[in-house]
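1. Here's a sequence, model it:
(one chain, ligands or ions: 1)
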Amino acid sequence: MTDRNKDHISSRSEQIPVVADTDVVVVGAGPAGVTAAVSAARNGASVTLLERYHHLGGMASGGMVLVLDDMVNEGNEIVTTGIVSEFVDRLERQDGAVYPPSEDCLTNWEMWQKWSRWGCIDFHKQGMPQPIIHAVAFDPDAWKRVSLDVVRDAGVNLRTHSWFSEALVEDSRVTGVVCQTKLGRQAIRAKMVIDASGDLDVASSAGASFTDGQFIVTTVFRLCDVDTAKAEAFEYQNPEEYKKLDRQARRIIGGAWGMWWLKTPLPGIVWCNCPHMPGYDGLSPEHMVEAEYEGRERMMGLLAFARANLPGFENAKMLGAAEQMGIRQTRLLQGEYVVTKDDVKKRRHFADSVCRGRDYYTPYRALLPKGLDNLIVAGRHYSVESEAQKQSREIPPCMSQGEAAGIAVAKALEANCALRDVDVTAIQKQMRAQGADPGDVPSANALVEEPVDA
Ligand SMILES: Cc1cc2nc3c(=O)[nH]c(=O)nc-3n(C[C@H](O)[C@H](O)[C@H](O)COP(=O)(O)OP(=O)(O)OC[C@H]3O[C@@H](n4cnc5c(N)ncnc54)[C@H](O)[C@@H]3O)c2cc1C
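-> Residues are numbered from 1 along each chain as shown. Okay, here's the model as predicted:
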């Protein structure tokens, strides 16, 4: 971690204009925030959604993270549905999504060759070929368009170019938030607050407890003019030669998962989820500058190697790096319950589960900070140990958290109660009514240690 508090000045007090007075303010329009805003609005709340950038989607668009993972459990049940499924349908209607039909979700070499370069494999499985599973490759601009469509259709008051800077707190309530804009600081008054900033900006500003997490960061990028059919044919017809070249490529990029390039819905354009760079603090401007320099150097090195050596990449060009640095983990809430690695690994079921991903369940308590009555979090900064977050932070489960959080704030407004006093069974019931899986019914392989109706 960098020392973020070396020297200080005092800031002058000021009159801040109130630009919205709303039932719910959601900070951060990434996958979790958009879903939370839409879910709250569809449940009858007036909602203001704040986003620092011009685009919506967070890591799924600006971060160019282009495969939806953790959507199925080992029993091949799709566990992230509801608004996640709606997104997939809307992306597909815009030719922005590709995924295997259920009859292709098998474990054999034929399906491996057909689907692995789309990223639709169970990468938790070691043996080869890995199973083909329901995962969705998508286009980042289509994600931005779909996010805008759902937000507008739900009647959400969207405010982009608005950088959250401060939570306004009275006793145990957050009464609103302040953001920085080109027009100066602006305030939004709200009865309920959803922190979907990914970095816990709001909850930490409001005094909630958190830990400083850290994981590899990545300057994700895309290459264009790649002959993917030729590249795949070479890989499958010359496996040993391909492996040798691939090892060299991965040494040059200096950090990548098993496959450093994947196909995207746009022909000839491949997604490179690399380089993976350890030791950077995703909150530190100084660190982010260093990561930008390092990432760009490494990606250009890989491009030169691929053009010179890899069949199919002879004419490849740099289409561009993602607009946002790929940050996986920073502050993590220390809330009413902290999900552990053991919980994720052992598939522990919770009676107050409100959403799920792959084979893990998220208890409502893991979205709630201690000591604040009207703030809830959704997304990658939820209340979880660092090692557990690495296994439970994919886009679809973050969206499902958002869907549950949106319902929770609407229920709290209806009952005029603190978020921790909301009837969890009512959230679970509404999740089901919206077509989402709250994880209230444990799958056959879950570890059930507490009565489901406790
Ligand atoms: C390189 C990389 C590869 C990944 N690979 C995959 C993958 O293959 N499949 C998968 O499913 N998941 C993957 N993930 C994980 C996934 O992308 C994230 O965990 C997920 O996007 C988290 O969603 P979120 O909404 O919680 O946060 P984010 O996506 O980070 O969104 C947060 C939003 O809040 C906004 N925001 C932040 N601070 C402020 C502020 N102060 N004021 C206003 N707005 C603010 C941001 O601009 C952003 O729009 C990957 C992540 C990375 C970084």
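
2. how close does residue 7 get to the ligand?
-> Residue 7 is 22 Å from the ligand, where distance means C-beta to the nearest ligand atom, to the nearest Å. In short, each C-beta sits where N, CA and C put it, glycine included.

3. can you tell me the helix or strand for that residue?
-> Using DSSP states H and E, residue 7 maps to neither a helix nor a strand.

4. mind checking the backbone torsions on it?
-> Main-chain torsions, residue 7, degrees, to the nearest 10: phi -140, psi 160.

5. Next, count neighbours for it.
-> 4 (other C-beta atoms under 10 Å).

6. Okay, buried residues for the lengthiest helix in the chain please.
-> Using DSSP state H, we find that the single longest helix of the chain is helix 285-309. When burial is assessed from 16 or more other C-beta atoms under 10 Å, helix 285-309 yields the following buried residues: 287, 291, 294, 295, 298, 299, 302, 303, 305, 306.

7. Widest-spaced pair of the residues you listed?
-> Pairwise distances among the buried residues of helix 285-309 were taken by C-beta to C-beta; the largest, 28.0 Å, belongs to 287 and 306.

8. The stretch 1-150 of the chain against the ligand: which residues are in contact?
-> Selection of the stretch 1-150 of the chain residues close to the ligand by C-beta under 6 Å from any ligand atom yields 27-33, 50-53, 58-60, 63, 65, 67-69.

9. Can you flag which of the residues you listed belong to helices?
-> Judged by DSSP H, those include 31, 32, 33 as members of helices.

10. Using TSV, please lay out those together with neighbour count and distance to residue 199.
-> Below are these laid out as TSV (neighbours: other C-beta atoms under 10 Å; distance: C-beta to C-beta, whole Å):
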residue	neighbour count	distance to residue 199
31	35	14
32	32	12
33	32	12
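
11. Residue in the stretch 251-400 of the chain with the shortest distance to the ligand?
-> Closest to the ligand within the stretch 251-400 of the chain is residue 379: 2.2 Å, counting by C-beta to the nearest ligand atom.

12. Give me the secondary structure label for that residue.
-> coil (DSSP: H, G, I helix; E, B strand; the rest coil).

13. Looks like it contacts residue 401 (just checking).
-> Yes: applying C-beta atoms under 8 Å, one finds residue 379 in contact with residue 401, separated by 6.2 Å.

14. shared neighbours of these two, anything?
-> Listed as contacting both residue 379 and residue 401 by C-beta atoms under 8 Å, 6 or more residues apart in numbering are residue 32.

15. Spell out which parts of the stretch 201-350 of the chain neighbour the ligand.
-> Residues of the stretch 201-350 of the chain found near the ligand (C-beta under 6 Å from any ligand atom) are 201, 218, 220, 273, 326, 327, 328.

16. Widest-spaced pair of the residues you listed?
-> Using C-beta to C-beta, these span at most 25.1 Å, a distance reached by 201 and 273.

17. Got phi/psi on residue 421?
-> Torsion angles, degrees, to the nearest 10, at residue 421: phi -100, psi 0.

18. sorry, that was for residue 414
-> Main-chain torsions, residue 414, degrees, to the nearest 10: phi -60, psi -50.
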